[in-house]
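J.: 3D, please:
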Amino acid sequence: MLRRRASAVCTATVAVGVLALAGLTGTASADPSPAPAAPVAGAEQLSPGLLKAMERDLGLTADRARARVGAESRAAAVAAGLRHSLGAGFAGARVSGDAAELTVATTDAADAATITEAGARPVVVGHSLAELTSAKAALDRVALHRAPEDIPVWYVDVRTNRVVVEAGRGAAADTFLAAAGVSRKLVTVSQAVGVPRTFTDLRGGDAYYMNGTGRCSIGFPVKRGTQGGFVSAGHCGTPGVSTSGYNQQAQGSFQGSTFPGRDYSWVAANTGWTPRPLVNGYGNGDVTVTGSTEALEGSSVCRSGSTTGWHCGTVQQRNSSVTYQEGTVSGVTRTNVCAEPGDSGGSFISGSQAQGVTSGGTGNCSQGGTTYFQPVNPALQAYGLTLVTSGTPTDPTDPPTEPGGSWAAGTVYAAGDVVTYGSVSYRCLQGHQAQAGWTPVNVPALWQAL
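T.: Numbers count the residues shown, from 1 in each chain. Here you go, the predicted structure:
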């Protein structure tokens with residue numbers, strides 16, 4: 001874990017785990033043409049700090065960074081439409097390069113023409129995403145009862161069309177697969193390169209302290225009704241633990257926390273702390289948060305944390321599982337972004353879209369490493385929270401007039417969910433938390449009329 005004690009000094013190696021400073025305890029059309037760019041992407045409004053980090057870590061000029069974020073947003077919308085059009089044959093999607101070239105995999109060669117017409121590159125593979133996800137879920141169920149020995153990480157890799165199990169010993173992988181009843185034909189076993197730990201040490205990326213000792217980082221400011229606060233990593237604290245802010249002033253207390261299993265928490269803040277739709281840019285301009293639309297694998301992603309500031313990389317695999325000393329955490333996203341103790345709980349963001357909170361990883365920011373984040377949308381849904389964004393109404397007592405239906409601002413929607421708005425039904429294309437003004441009729445990159 002990447003928590004840190006107030007007196008601790010960062011070591012050169014960060015084992016796989018949570019990033020806290022130690023000491024504390026994201027009917028379809030048969031012709032899914034490319035969807036228009038999502039107006040919530042915010043590609044033209046990227047902060048100077050985020051652009052600087054993308055230049056340092058990804059080698060992108062400001063113009064190329066803006067173009068890449070916009071292209072990734074459009075590719076995600078196309079991929080979501082194809083996922084529903086292809087049905088059971090869909091085997092995953094990913095982007096590559098600055099142009100976010102979209103590759104969509106299918107088990108049915110007859111789907112290739114549909115994928116090509118949508119502007120993506122088709123790949124025919126042997127296993128559907130549903131089959132691989134089911135196999136990983138079986139492994140997760142075994143780990144839920146007892147963390148597997150010498151198996152730090154496992155995940156679905158859409159690029160290789162396999163479930164990847166990282167193991168210290170081949171025999172340990174065989175035992176794990178046998179216990180879950182998972183066929184070896186679906187799995188690639190690779191050598192584990194590190195042992196994960198958590199990274200523990202109202203603006204995303206700011207430091208906060210738990211009971212005056214350990215330190216973590218704020219993920220994203222949120223509200224529950226009129227109560228302000230923030231989401232962070234679950235390993236940073238348990239319900240009732242008090243927090244103080246970066247200035248060591250009393251801040252609030254943990255209201256909910258899940259770890260292991262998942263790695264998220266929420267802290268209710270005192271009235272003196274106002275939640276802002278910002279992520280700390282650490283001297284280079286804060287980043288404005290406009291939503292929580294999930295980025296595709298291969299997309300650029302940046303992290304803000306109180307130990308190492310801004311660092312960027314790409315989304316490697318979603319729906320990963322990682323075993324820390326405290327137990328197994330599932331449903332996290334694997335990235336090649338570095339982090340160190342104290343960064344735990346901090347913000348992961350793609351463009352202006354909130355992605356998740358820092359959980360743990362291996363390596364450090366001197367030599368590079370792997371970091372996992374807990375997606376933010378499940379945390380919002382678990383605790384009934386609303387992400388604070390630039391579109392959050394300043395007067396919640398005066399909401400905009402809507403024409404009726406089941407769609408509602410503040411609700412977390414997953415890809416495939418169906419809502420009504422007015423007299424029309426819509427299917428969700430990309431996981432997100434709905435914001436005021438993001439009505440299905442206004443945001444075709446997120447919703448498809450049925």
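
J.: drop to CA atoms for contacts and neighbour counts, all remaining ones
T.: OK.

J.: I'd guessed residue 209 sits against residue 244; true?
T.: Yes: contact status for residue 209 versus residue 244: in contact at 5.2 Å, counting by C-alpha atoms under 8 Å.

J.: neighbour count for these two, which is higher?
T.: residue 209 (31 against 20; other C-alpha atoms under 10 Å).

J.: what stretches of this protein score poorly on pLDDT?
T.: Within the chain, the ranges that satisfy pLDDT under 70 run 1-44, 198-201, 212, 392-402.

J.: longest helix anywhere in it?
T.: Ranked by residue count and defined by DSSP state H, the top helix of the chain is helix 62-86.

J.: how about it: buried residues?
T.: If you call a residue buried by 16 or more other C-alpha atoms under 10 Å, then helix 62-86 has these buried ones: 62, 64-86.

J.: now the following helix or strand past it and helix 62-86, what's the angle there?
T.: Next helix or strand after helix 62-86 toward the C-terminus (DSSP states H and E): strand 90-96. Per axes from the mean of the first three to the mean of the last three C-alpha atoms, to 10 degrees, the angle that strand 90-96 makes with helix 62-86 is 170 degrees.

J.: can you list contacts of strand 90-96?
T.: Applying C-alpha atoms under 8 Å, 6 or more residues apart in numbering, the external contacts of strand 90-96 come out as 72, 75, 79, 82-83, 101-107, 125, 127-130, 158-159, 161, 296-299.

J.: of those, which belong to strands?
T.: Using DSSP state E, the subset of those located in strands is 101-106.

J.: ranking those by neighbours, who comes first?
T.: Greatest neighbour count in the ones in strands among the contacts of strand 90-96, by other C-alpha under 10 Å, goes to residue 105: 30 neighbours.

J.: list the contacts of stretch 146-158.
T.: For stretch 146-158, using C-alpha under 8 Å, 6+ apart, the contacting residues are 16, 91-94, 105, 129, 132-133, 136, 162-169, 172-173, 176, 192, 194-196, 317-324, 327-328.

J.: buried subset of those?
T.: The neighbour-count test (16+ other C-alpha under 10 Å) applied to the contacts of stretch 146-158 identifies 16, 91-94, 105, 129, 132-133, 136, 162-168, 172-173, 176, 194-196, 317-324, 327-328 as buried.

J.: can you count the residues close to the residue found closest to residue 325 once you drop the neighbours it is linked to in the chain?
T.: Nearest non-adjacent residue to residue 325, counting by C-alpha to C-alpha, 6 or more residues apart in numbering: residue 197, 6.7 Å away. A total of 28 residues lie near residue 197 under the criterion other C-alpha under 10 Å.

J.: which strand residues bridge residue 197?
T.: On the basis of DSSP bridges, residue 197 is bridged to residue 17, residue 361.

J.: that one contacts residue 322, doesn't it?
T.: No: in this structure, residue 197 is not within contact of residue 322 by C-alpha under 8 Å, at 9.3 Å.

J.: the longest strand in the chain is where?
T.: In the chain, with assignment by DSSP E, the single longest strand is strand 309-324.

J.: what lies in contact with the helix or strand that that one is followed by?
T.: Next helix or strand after strand 309-324 toward the C-terminus (DSSP H and E): strand 327-335. Contact with strand 327-335 is made by 140, 143-144, 146-147, 259-263, 313-323, 370-375, as judged by C-alpha under 8 Å, 6+ apart.

J.: tell me the angle of strand 327-335 relative to strand 309-324?
T.: Put simply, strand 327-335 runs at 140 degrees to strand 309-324, going by the same axes, to 10 degrees.

J.: let's verify residue 175: helix, strand, or coil?
T.: helix (DSSP: H, G, I helix; E, B strand; the rest coil).

J.: list the residues that contact residue 192.
T.: Contacts of residue 192 (C-alpha under 8 Å, 6+ apart): 151-153, 166-168.

J.: please redo it, this time with the cut-off set to 10 Å
T.: Residue 192 sits next to 150-153, 165-169 when contact means C-alpha atoms under 10 Å, 6 or more residues apart in numbering.

J.: for residue 142, same thing?
T.: Applying C-alpha under 10 Å, 6+ apart, the residues near residue 142 are 148, 176-177, 179-181.

J.: and the closest residue in space to residue 288 that isn't next to it in sequence, how many neighbours?
T.: Excluding the flanking residues, the one nearest residue 288 by C-alpha to C-alpha, 6+ apart is residue 278, at 4.7 Å. Residues lying near residue 278 (other C-alpha under 10 Å) number 23.

J.: residue 424 too?
T.: 12.

J.: right, and it touches residue 441 too?
T.: Yes: counting by C-alpha atoms under 10 Å, residue 441 is a contact partner of residue 424 at 9.2 Å.

J.: list residues touching both of these two?
T.: Joint contacts of residue 424 and residue 441 (C-alpha under 10 Å, 6+ apart) are residue 449.

J.: now residue 264. Its backbone dihedrals?
T.: In terms of degrees, to the nearest 10, the main-chain angles of residue 264 are phi -140, psi 160.
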